[in-house]
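Student: I would like the atomic coordinates for the input below:
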Amino acid sequence: KQLYSALVDCNLINGYEIAINTNNHLLSMLEQVQLLFLRRTLGLSRRSMVAPLFTETGLMLIRTRRVILALRCLIHLLRLLPDHYAYLALQENNHLQ
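Tutor: As a prediction, this is how the structure comes out:
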């Protein structure tokens, strides 16, 4: 788990809380990288089941992890003081939509 966190996870989630990627094709590419690393590390074949990989290692699917990170960032922005630039940028973004 530490090896994965140090080498792979940090690259898969880099900057995600700021720029959310909603393209399913790109997200599936990240999921493939995650699965490939876990399977190679554990010495499993390409056809091994996905769910036990995550329950046994205690890791989260990258799709779930990225949503949680984005929501944490949103909560952080909403808790800022109303005169903070990041809070104002969020409010301006809401008005544009």
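Student: Helices of this structure, residue ranges please.
Tutor: Along the chain, the stretches classed as helices by DSSP state H are 2-4, 10-12, 24-42, 51-57, 62-78, 85-96.
Student: can you list those in JSON lines and add mean pLDDT?
Tutor: Converted to JSON lines, the helices of the chain look like this (pLDDT from 0 to 100):
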{"stretch": "helix 2-4", "mean pLDDT": "74"}
{"stretch": "helix 10-12", "mean pLDDT": "72"}
{"stretch": "helix 24-42", "mean pLDDT": "88"}
{"stretch": "helix 51-57", "mean pLDDT": "87"}
{"stretch": "helix 62-78", "mean pLDDT": "86"}
{"stretch": "helix 85-96", "mean pLDDT": "88"}
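Student: middle-most residue in the chain, spatially?
Tutor: R66 (2.2 Å; C-alpha atoms, centre = their mean).
Student: Go ahead and confirm that residue touches D9.
Tutor: No: look at R66 against D9 with C-beta atoms under 8 Å: they stay out of range, at 10.5 Å. For every residue, glycine as well, the C-beta is placed using N, CA and C.
Student: where's the nearest residue to R39 once chain neighbours are set aside relative to R72, distance?
Tutor: In space, and not counting its chain neighbours, R39 is closest to S48: 6.1 Å by C-beta to C-beta, 6 or more residues apart in numbering. Separation of S48 from R72 (C-beta to C-beta, to the nearest Å): 31 Å.
Student: now the residue nearest to the centre of the chain: how far from R47?
Tutor: Taking C-beta to C-beta, one finds R66 at 26 Å from R47.
Student: For the residue sitting furthest away from the middle of the chain, what are phi and psi?
Tutor: Distance to the chain centre peaks in the chain at D83, reaching 29.0 Å (criterion: C-alpha atoms, centre = their mean). Phi and psi for D83, reported as degrees, to the nearest 10, are phi -100, psi 0.
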